[in-house]
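Asker: give me coordinates for this.
(chains A, B and C)
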Amino acid sequence: MSSTVETSSPLLDGLNPQQREAVLYRGHALLIVAGAGSGKTRVLTHRIAGLLESREAWPSQILAITFTNKAASEMRERVQHLVGRAADGMWISTFHSACVRILRREAEQFGYSKSFTIYDSGDTRALLKRIIKQREADVLGFTVPSTAAKISKLKNELADVDSYARQANFNDPNEVMFAQLFRDYSRELSAANAFDFDDLIAQTVYLFRAFPHVAAEYQKRFRHILVDEYQDTNHAQYALIRELTKAPEMPDGELFSAVQPASLTVVGDSDQSIYAFRGADIRNIVEFERDYPGARVVLLEQNYRSTQNILSAANAVISNNFDRKDKKLWTAVGDGEKIVGYTGYTGHDEAQFVADEVQKLRDAGMAYHDMSVFYRTNSQTRALEEILIRSAIPYRVVGGTKFYERAEIKDAMAYLVSVANPADTLSVRRILNTPKRGIGPATETSIATFAENNGMTFRDALRYAAELGLGPKVTGAIAELSDLLDEAYELSETRRDGSGVPEVLGLLITKSGYLDALRASRDPQDEARAENVEELLAVTKEFQRNNPEGTLLDFLTEVSLVAAADDLDDRSGSVSLMTLHTAKGLEFDAVFLTGVEEDLLPHRMSAGEPGGPAEERRLFYVGITRARKRLFISLAMTRAQYGDVSVALPSRYLQEIPAELIEWKQSPGMATSRGGTQPRALNARRDGYGGAYSIPASRGSQANKPKTEWSNRVTGQVRDNSALVLEAGDRIKHTDFGEGRVMAVTGEGAKRIAEVQFDTAGRKRLLIKVAPIEKI
DNA sequence: ATCGCTCGGGTTTTT
DNA sequence: CCCGAGCGAT
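Answerer: From the prediction side, this is the model:
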């Protein structure tokens, strides 16, 4: 049914020929190989709008899948911009939320109830911990993380307990034990009416395979399926798409045989595949043409994001990966500035470089939120944060230890889950003695035993507190908790309309005494925890405002599926800090790639794995291609890890960037060449590296500056200068920068900032409260 | 049952 | 360095 969209349509304005082809092509399968920054979201949204405009599809017949909620809402917004309200009826969501939506509708078909809850990796770990202990599997060397990883891997490959057991070697006690653990885990999950992350996809595939009439419903409904970031799909996700793009199978043969399979559009870039560790299979995209014979392939190579210098660096790096389709990004915008490189003596030194450059960019008119700092591992944030705080640069860490992973938030959420899904024993156990009610492990066990003996859930066993033969105090505490959960349940049932979720949460955290316990605690951290719980209450109110019809279950689902990048607020006036993984799909005017060292990038854990170095190179490539105008690459010669420092070597990938593209403010060679105070071993190992970097002659003056400029001594001690009064004209002494004169003081209270002209280290902004300074 | 101490172990990336 | 587990004291 190939009707054509007029070539004069405004949908095609400003698109290059390849983009137009990708928008206009009509056929059963289309692969858009989209290099970084080549306008793939534009192509996808215009393609969707074209389908609607030409009446080839109703909104409800379109399913667009992304990996993050952020990408999904961005896509929805842009489609809305093109077609207005018609966007409302479309499914634009992540793999996970699309599957939750399907599973909630169909749960009863296969023995779940629609009130199932979703276990995050923390829940999974907690459950496995109990199971491993019960089976005493730890003596065989089973650990929670390794077991969790193995189960996850199997589920991503669509293996279940039975299929694992069938091929397991029963002479190997480890395999027997693992099968047992896997079985226990699966049993506990279904008893709790819960799915873990991997189940959401895998169970949907099972559902479709076991119930063809259910599958047929979705196969008929979705006529156009579009998948973003296809290179990051794992086997289960691949299988899900395959199921959805099959011709619907009818119980009695011919009736619907006229229904064609849905058309499939996938967009991806194998050079940006960085999730192999999570089961992503690059073959899904590489072999797409074989999977879908007759598929059209469109290549998008023109880049609309970065300068040519940045792209040339990216091209040069990625071309070192063999076994890839050659692809060269190019741009019409010109060379732009050179990449700036810097080698610090320590991680702190490197962080100071970042802070200084950030401030320079800001002074030149760039907004903080257009800059971002990337790193390979989350632990690298600490040094960066410390310096950014001192320099009074507003920043935010995206991802990392997330709000919803904090213990107090998980506690509060466990209360909500206990109300919404009483079968979820893990949650009920979690709140059983939180806050302290005098219910210890012994009592918990006797409740569990009672539940088992009487064939009821743990939650229901709480109703029989009196029959457990416990002391009056404990019995009363259990009954009180049970009553509270009942009361909250009643409330959630009667307030399904508007104010339900915040009211239920408010009731639970106040009447349980949880909030009061935090407030009354002597631990100063608990004050912040109480604030976090109140923050969660604010989140529920916000949720209810946005979803007046939203139920408690909807709220829990939404929270379970938020990802790191999702909460990135583009308009916050802060520099964002994130891992290279989180950075994928984002772009910034200025990007700082930090810690470009061996053992970090490539990370030492993956350097030895097959395909590891290639994947790490792609990660580096992803980082480079996030930058629009300015790219900074930095490393340190020594890196602190678990207390002591160790020598760091420049990453092998650094040498893959043509020397003429980088202007080193301090190259690895320079950093060591003046090394009177550097340990000898540091210089000795550098041989063979120094020569690879050209030292621009015009920058020679940099190297002659006194060493104090980038002192590597940064004290770790916490200080509080709240009492220090400074005003313009004062002389001060800084532990790192030496002496200087205060030029101006701005800000109030704890946020007072001094602008200081140092005698040798240049001009800096310092947060007075924490800066290591004294008046002289 | 709870609190606070010490000791030992583990350290990649995350929908 | 930061965490959780385990232990002893209250």
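Asker: surely A:P610 is within a helix?
Answerer: No - using DSSP: H, G, I helix; E, B strand; the rest coil, the secondary structure at A:P610 is coil, not a helix.
Asker: give the burial count for A:M75, as a bare number.
Answerer: Look at A:M75: counted by other C-beta atoms under 10 Å, it has 23 neighbours. The C-beta positions use only the backbone N, C-alpha and C, and glycine is treated the same way.
Asker: near DNA strand B at all, the helix or strand in which it is found?
Answerer: Using DSSP states H and E, the element containing A:M75 is helix A:69-83. No - no part of helix A:69-83 sits near DNA strand B under the criterion C-beta under 7 Å from any atom of the strand; the closest distance found is 7.7 Å.
Asker: what about that helix, distance to the chain center?
Answerer: Between the centre of helix A:69-83 and the centre of its chain there are 20 Å (C-alpha atoms, centre = their mean, to the nearest Å).
Asker: helices or strands up against it?
Answerer: With contacts defined as 3 or more C-beta pairs under 8 Å, 6 or more residues apart in numbering; DSSP states H and E, the packing partners of helix A:69-83 are helix A:40-53, strand A:62-66, strand A:91-94.
Asker: return the most buried member of those.
Answerer: Ranked by mean neighbour count under mean count of other C-beta atoms under 10 Å, the helices and strands packed on helix A:69-83 are led by strand A:62-66, which reaches a mean of 25.
Asker: about what we covered before: including distance to DNA strand C and mean pLDDT, could the helices and strands packed on helix A:69-83 go into JSON lines?
Answerer: Formatted as JSON lines, the helices and strands packed on helix A:69-83 follow (distance: least, C-beta to the nearest atom of the strand, whole Å; pLDDT from 0 to 100):
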{"stretch": "helix A:40-53", "distance to DNA strand C": "37", "mean pLDDT": "90"}
{"stretch": "strand A:62-66", "distance to DNA strand C": "32", "mean pLDDT": "93"}
{"stretch": "strand A:91-94", "distance to DNA strand C": "28", "mean pLDDT": "90"}
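Asker: same list, these, but as a markdown table with distance to DNA strand B please.
Answerer: What follows is these, written out as a markdown table (distance: least, C-beta to the nearest atom of the strand, whole Å):
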| stretch | distance to DNA strand B |
| --- | --- |
| helix A:40-53 | 17 |
| strand A:62-66 | 8 |
| strand A:91-94 | 5 |
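Asker: quick one, which of those gets closest to A:D199.
Answerer: Taking C-beta to C-beta, strand A:91-94 is the member of the helices and strands packed on helix A:69-83 nearest to A:D199, at 15.1 Å.
Asker: looking at this, A:S646 is in a strand?
Answerer: Yes - when three-state DSSP is applied, A:S646 is found to be in a strand.
Asker: tell me how many other residues surround it.
Answerer: The number of residues packed near A:S646 is 10, by other C-beta under 10 Å.
Asker: what score does the residue lying closest to it once chain neighbours are set aside have for pLDDT?
Answerer: Distance criterion C-beta to C-beta, 6 or more residues apart in numbering; nearest residue to A:S646, sequence neighbours excluded, is A:R639 at 6.2 Å. On the pLDDT scale, A:R639 is placed at 85.
Asker: how far away is A:R639 from A:T582?
Answerer: For A:R639, the distance to A:T582 equals 21 Å [C-beta to C-beta, to the nearest Å].
Asker: cool, A:E739 as well?
Answerer: Taken as C-beta to C-beta, the span from A:E739 to A:T582 is 40 Å.
Asker: ok, A:F353 next?
Answerer: In this structure, A:F353 lies at 22 Å from A:T582, with C-beta to C-beta as the measure.
Asker: so between A:E739 and A:T582, which is more surrounded?
Answerer: Shown here are A:E739 and A:T582; by other C-beta under 10 Å, A:T582 has more neighbours (22 against 14).
Asker: so the more buried one touches A:K402, yeah?
Answerer: No - counting by C-beta atoms under 8 Å, A:T582 does not reach A:K402; the two are 11.0 Å apart.
Asker: could I get the helix holding A:M75 in CSV with only the CA atoms?
Answerer: The C-alpha coordinates for helix A:69-83 follow below in CSV (Å, rounded to 0.1, in the frame of the first residue of the first chain):
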residue,chain,number,x,y,z
ASN,A,69,11.8,7.7,29.2
LYS,A,70,13.6,10.9,28.3
ALA,A,71,14.1,9.8,24.7
ALA,A,72,10.4,8.7,24.6
SER,A,73,9.1,12.0,25.9
GLU,A,74,11.3,13.9,23.7
MET,A,75,10.0,12.0,20.7
ARG,A,76,6.5,12.4,21.8
GLU,A,77,7.0,16.2,22.2
ARG,A,78,8.4,16.5,18.7
VAL,A,79,5.7,14.4,17.1
GLN,A,80,3.2,16.5,19.0
HIS,A,81,4.8,19.6,17.5
LEU,A,82,4.2,18.2,14.0
VAL,A,83,0.8,16.6,14.3
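Asker: hmm, back to that, show me what contacts the residue nearest to A:S646?
Answerer: A:346-347, A:595, A:597, A:600, A:645-646, A:648 (C-beta atoms under 8 Å, 6 or more residues apart in numbering).
Asker: tell me the bridge partners for A:R741.
Answerer: Beta-bridge pairing for A:R741 (DSSP bridges): A:R731, A:Q757.
Asker: could you list the low-confidence segments of chain A?
Answerer: Within chain A, the segments meeting pLDDT under 70 span A:1-8, A:250-258, A:400-401, A:495-499, A:523-524, A:563-572, A:643, A:671-720.
Asker: residues contacting the nearest residue to A:E615 once chain neighbours are set aside?
Answerer: Distance criterion C-beta to C-beta, 6+ apart; nearest residue to A:E615, sequence neighbours excluded, is A:A276 at 5.5 Å. Neighbour list for A:A276: A:282, A:611, A:615 [criterion: C-beta under 8 Å, 6+ apart].
Asker: stretch A:407-419 near DNA strand B at all?
Answerer: No - legend: contact between stretch A:407-419 and DNA strand B by C-beta under 7 Å from any atom of the strand is lacking; minimum distance shown is 13.8 Å.
Asker: contacts for that stretch?
Answerer: Here stretch A:407-419 makes contact (C-beta under 8 Å, 6+ apart) with A:117, A:122, A:403-404, A:424, A:427-428, A:430-431, A:434, A:459, A:485, A:488-489, A:492, A:501, A:504-505, A:508-509, A:512, A:514, A:518, A:529-530, A:532-533, A:536, A:552, A:555-556, A:559.
Asker: and it, what's buried?
Answerer: Neighbour-count burial for stretch A:407-419 flags A:408-419 (criterion: 16 or more other C-beta atoms under 10 Å).
Asker: which bits of the stretch 101-250 of chain A sit near DNA strand C?
Answerer: So the stretch 101-250 of chain A meets DNA strand C at A:K129 (C-beta under 7 Å from any atom of the strand).
Asker: make it 10 Å
Answerer: Contacts of the stretch 101-250 of chain A with DNA strand C, taken as C-beta under 10 Å from any atom of the strand, map to A:122, A:125-126, A:129-130, A:133, A:138, A:144.
Asker: in those, find the pair that's most separated.
Answerer: Longest distance between any two of these is 19.3 Å, between A:G122 and A:D138; criterion C-beta to C-beta.
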